[in-house]
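Visitor: quick one: sequence plus predicted model below, questions after.
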Amino acid sequence: MRGLMRRWIAAGLLAVAVAGCGRAGGPGKFVDRNPLPADTMTVRMLEPGEYGGRFVVGATSSPKTFNPHMANERPSNDVCNLLFVSLADIDYPTQQDIPMLAKSWAWSADGCTLTFALRKGLRFSDGHPLTSADAEFSFAVATDTSIASGSAEGLAITDERTGERHPFAFSAPDSYTFVVSSSRPYALLLSAVSAVRILPRHVLEPAWKQGRFASAYGVDTKPESLVTSGPWTLRRFVDGEQVALARNPWWHGVDAKGRRLPYLDEVVFLIAKDQDAAALRFHAGELDGLDNVRPEDYAAYAAAQEREKFKLYDIGPSFNTSFLWFNLNRAKPGMEGRKAGEPMVGPVKYAWFSRPEFRRAVSMAIDRDAQIRGPFRGEGVKAWSTMSPANRRWFDPAIQGYDYAPERAKALLASLGWKDTNGDGFLEDQGGHTIAFTMHTNADNTMRKEMLNLVRDDLAKVGIRVDAVPLEFNTLTSHMRSDLDYDAVLLGQGSAVPAEPGMGQNTWRSSGLLHYWNIRQETPATPEEARMDACMDRIVYDTDEQARKTAWRELMSIVNEQCFLVWLPTQVIRLPVRAKFGNVQPSPMPHRILWNIDRVFVRPGAER
């Protein structure tokens, strides 16, 4: 208790220090001195706001770069997504595509080409004109094979038979037109284009030509030198402490009254090392919002709402999903100490794991309602695919899996000829081997460790012995992707934005690195996986959305019938945000709070 009190005192002192450092003026202080572009973007919002104030959000760690093409972890992406925007974006409330730097786009009749019309009068944060030449430069950088751009993977079509990549063609026929074409109809073309953040050619082209682009816009960049295309600019950065953003004075977004956005003077990411530290800082008044709260803390936040003047928003089910799987990998050619093609778990366990009946029995042995009552503290829902109930466009209630039915699980296991011959409570196969294996999860995730323990207990009730062994995350990842040395794993998968099945090719294709149970297959290992590949072709290449949804339902029916993945519940999200802010609309998609921070404002007369 004394230790906790010291942490509260430290948080309170730090809050005072931050509050006294560069606080922006109150509402009404901002005066827009720059002309608006000819083509403004009127932003939809709950209510018109007022200028001034700041919003402070908790973050787990500092960004590693301010270059959106080099950002590959959440802290960097959370910041870069506010500093830079794309030609098109996604509207979080409706989950539909919307224009951003482009004011419109048009598909060609053959579904291979998108033509974008850029808004006229756009400018970067330094006042320099933003035109299609900047889009062309940004795509050239993104497709440069010498640069490990996070956008590169989506900017080509890969022939699944030959492995040959066919990059998109792109051009800028005039200052306000940008054209992107694929070699065949491609349903994900707009999503791929939307992933490319637009960079200032007049600033970064020299670095690119000199081979220095990967280090450009690093965290050592002076704030005044970082030119942005989004609604925010960098004001200050202190590694391990905070990132502060200021409004872009040339941003083209406006409210219904024609006033330039953003309303706030400043957005601050305040670094908290973990969820406990973030909670302390929020309750101390140092943070205005938290994007990551544990279900076991929901009740405490709910009880403190009125006293601490915040609202705990019920966001609904997360876009993230949880599941477990069994190792069906075979040794790859050249693996040390292994004969190519031999099962990585050995012949005995492979004989168990490769039986769909065994995997179905495991799924039916798991009490998901107990998982929801326990690790999820009642804040969870059942989910049977990566498209959770939060996904308005792609969630399909017709997709179901094998839910809790322990007696049916026992019957299935008995049908395999397995019996408890020695009376120890665990089954043996026909060779006398006890049905026992090890299951891992990441050791730094308390909820997953609790889930794993319940899975272990449930499987014991049907005669399967599980050794629950949490591992350090990087070690676990190495086992999953490199040495393939594991029996079973319980993990989860976050959602891409936009959250749609075509973005999951790395998971559902047999050749994918995230085809968890049997990665990087040269040819499909089973007829079912060949069918999954065919479904993914239709999801990716068919531009008719209904046909794509039919293919997605078929793909998930295969996954769930085979139990390649055994699904676990999905968390319901609740997030606290100070009551003094207007236009707050937290979303289940990341970043859950800051996605519309350009229109959030401090209510006049609110406590400062």
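Guide: Received it, and whenever you're ready, just let me know what you need.
Visitor: ok, the closest residue in space to F473 that isn't next to it in sequence - contacts?
Guide: What sits nearest to F473 in space, not counting adjacent residues and going by CB to CB, 6 or more residues apart in numbering, is N442, at 4.3 Å. Glycine gets a C-beta too; all of them are placed from N, C-alpha and C. Shown in contact with N442 (CB atoms under 8 Å, 6 or more residues apart in numbering): 448, 470-473, 476, 491.
Visitor: make a ChimeraX selection of the buried ones in the residues you listed.
Guide: Burial among the contacts of N442 is assessed by 16 or more other CB atoms under 10 Å; the matching ChimeraX selection reads:
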select :448,470,471,476,491
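Visitor: what's the lowest-pLDDT member of the contacts of N442?
Guide: Within the set of the contacts of N442, pLDDT is lowest for F473 (87).
Visitor: how far away is that residue from T570?
Guide: 20 Å (CB to CB, to the nearest Å).
Visitor: again, but for R377
Guide: Taken as CB to CB, the span from R377 to T570 is 14 Å.
Visitor: ok, the two, which is more surrounded?
Guide: T570 (27 against 17; other CB atoms under 10 Å).
Visitor: residues contacting that one?
Guide: 317-318, 320-322, 380-383, 388-389.
Visitor: and the contacts of N442, which of them are in helices?
Guide: Counted as lying in helices by DSSP state H, out of those, are 448, 473, 476.
Visitor: just give me the closest of those residues to D174.
Guide: Nearest to D174 among the ones in helices among the contacts of N442 is F473, at 48.6 Å by CB to CB.
Visitor: do I have it right that the closest one meets D444?
Guide: Yes - contact criterion CB atoms under 8 Å: F473 and D444 qualify, at 6.1 Å.
Visitor: count of neighbours near T446?
Guide: If we define neighbours as other CB under 10 Å, then T446 has 13 of them.
Visitor: swap in the one 10 residues further on?
Guide: R456 has 16 neighbours, counted by other CB under 10 Å.
Visitor: that one belongs to a helix?
Guide: Yes - judged by DSSP: H, G, I helix; E, B strand; the rest coil, R456 forms part of a helix.
Visitor: so how far is V243 from it?
Guide: 41 Å.
Visitor: give me the distance between stretch 50-70 and the centre of its chain.
Guide: 17 Å (CA atoms, centre = their mean, to the nearest Å).
Visitor: buried stuff in it?
Guide: Under 16+ other CB under 10 Å, the buried positions of stretch 50-70 are 50-60, 62-63, 65-70.
Visitor: go on, stretch 495-506?
Guide: So stretch 495-506, judged by 16+ other CB under 10 Å, has buried residues 495-505.
Visitor: just stretch 233-241 next, same as before
Guide: Quick answer for stretch 233-241 (16+ other CB under 10 Å): 233-235, 237.
Visitor: for that stretch, the distance to its chain's centre please.
Guide: Per CA atoms, centre = their mean, the centroid offset for stretch 233-241 relative to its chain is 23 Å.
Visitor: residues touching that stretch, excluding its own?
Guide: Contacts for stretch 233-241 (CB under 8 Å, 6+ apart): 22, 61-63, 66, 83, 125, 219, 221, 223, 226, 228, 242-248, 266, 270-271.
Visitor: mind jotting down where the strands sit in the stretch 401-550 of the chain?
Guide: 436-440, 465-468, 488-493 (DSSP state E, counting those that start in this stretch).
Visitor: for the longest one, packing partners?
Guide: With contacts defined as 3 or more CB pairs under 8 Å, 6 or more residues apart in numbering; DSSP states H and E, the packing partners of strand 488-493 are strand 321-326, strand 436-440, helix 446-461.
Visitor: dump the ones you listed to TSV, plus distance to D429.
Guide: Shown next, in TSV, are the helices and strands packed on strand 488-493 (distance: least, CB to CB, whole Å):
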stretch	distance to D429
strand 321-326	15
strand 436-440	11
helix 446-461	15
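Visitor: and of the ones you listed, who's closest to I366?
Guide: helix 446-461 (5.1 Å).
Visitor: buried ones in that closest one?
Guide: Applying 16+ other CB under 10 Å to helix 446-461 flags 447-456, 458-459 as buried.
Visitor: kindly report the same for stretch 219-236.
Guide: 219, 221, 226-235.
Visitor: farthest pair within the residues you listed?
Guide: V219 and P231 (20.7 Å).
Visitor: and L87, what does it touch?
Guide: Contacts of L87 (CB under 8 Å, 6+ apart): 99-102, 105, 116, 118, 135, 178, 193-194, 196, 198.
Visitor: on that earlier part again, so which of the strands of the stretch 401-550 of the chain is nearest K209?
Guide: Using CB to CB, these put strand 488-493 closest to K209, at 38.1 Å.
Visitor: what about the helices in the stretch 1-150 of the chain?
Guide: For the stretch 1-150 of the chain, the helices defined by DSSP state H, counting those that start in this stretch occupy 2-19, 74-83, 132-142.
Visitor: weakest of the ones you listed in terms of mean pLDDT?
Guide: For those, where the average pLDDT is lowest is helix 2-19, sitting at a mean of 34.
Visitor: low pLDDT regions in this structure?
Guide: 1-28, 150, 153, 160-163, 496-497, 607-608 (pLDDT under 70).
Visitor: let me see the contact set for T113.
Guide: 107, 179-182.
Visitor: about what we covered before: nearest to Y298, of the contacts of L87?
Guide: Among the contacts of L87, and counting by CB to CB, the member closest to Y298 is S194, at 33.3 Å.
Visitor: give me the neighbour count for the closest one.
Guide: Residues near S194, counting by other CB under 10 Å: 23.
Visitor: I'd say it and V85 touch.
Guide: No - S194 is beyond contact range of V85, at 9.6 Å (criterion: CB under 8 Å).
Visitor: what do these two both touch?
Guide: Joint contacts of S194 and V85 (CB under 8 Å, 6+ apart) are M100.
Visitor: quick check: closest non-adjacent residue to S385.
Guide: Using CB to CB, 6+ apart, the nearest residue to S385 is M556, at 4.7 Å.
Visitor: if you could redo that for N248, that was the one I meant.
Guide: S125 (4.5 Å).
Visitor: pretty sure that neighbour is touching T228, no?
Guide: Yes - under the criterion of CB under 8 Å, S125 makes contact with T228 at 4.5 Å.
Visitor: anything in contact with each of these two?
Guide: Joint contacts of S125 and T228 (CB under 8 Å, 6+ apart) are N248.
Visitor: now do the end-to-end distance for stretch 227-234.
Guide: End-to-end distance of stretch 227-234: 9 Å, with CA to CA, to the nearest Å as the criterion.
Visitor: and that stretch, how far from the chain's centre?
Guide: 22 Å.
Visitor: would you list every one of the helices in the stretch 351-500 of the chain?
Guide: Going by DSSP H, counting those that start in this stretch, the stretch 351-500 of the chain shows helices at 356-365, 368-373, 406-415, 446-461, 473-478.
Visitor: make JSON lines out of the ones you listed and add distance to A256.
Guide: Listed next are these as JSON lines, based on distance: least, CB to CB, whole Å:
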{"stretch": "helix 356-365", "distance to A256": "51"}
{"stretch": "helix 368-373", "distance to A256": "42"}
{"stretch": "helix 406-415", "distance to A256": "57"}
{"stretch": "helix 446-461", "distance to A256": "42"}
{"stretch": "helix 473-478", "distance to A256": "46"}
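Visitor: what's near enough to touch the nearest residue to R548 once chain neighbours are set aside?
Guide: The spatial neighbour of R548 that comes closest, neighbours along the chain excluded (CB to CB, 6+ apart), is I539 at 5.1 Å. Residues in contact with I539, defined by CB under 8 Å, 6+ apart, are 187, 501-502, 548, 551-552, 555.
Visitor: about what we covered before: so which of the helices and strands packed on strand 488-493 gets nearest E522?
Guide: strand 321-326 (20.2 Å).
Visitor: what does that closest one contact?
Guide: Contacts of strand 321-326 (CB under 8 Å, 6+ apart): 353, 359, 362, 383, 385-386, 388, 437, 439, 448, 451, 455, 487-493, 516-517, 564-570.
Visitor: ok, back up a step: which of the contacts of T113 sits closest to F581?
Guide: Closest to F581, out of all of these and judged by CB to CB, is V180, at 37.5 Å.
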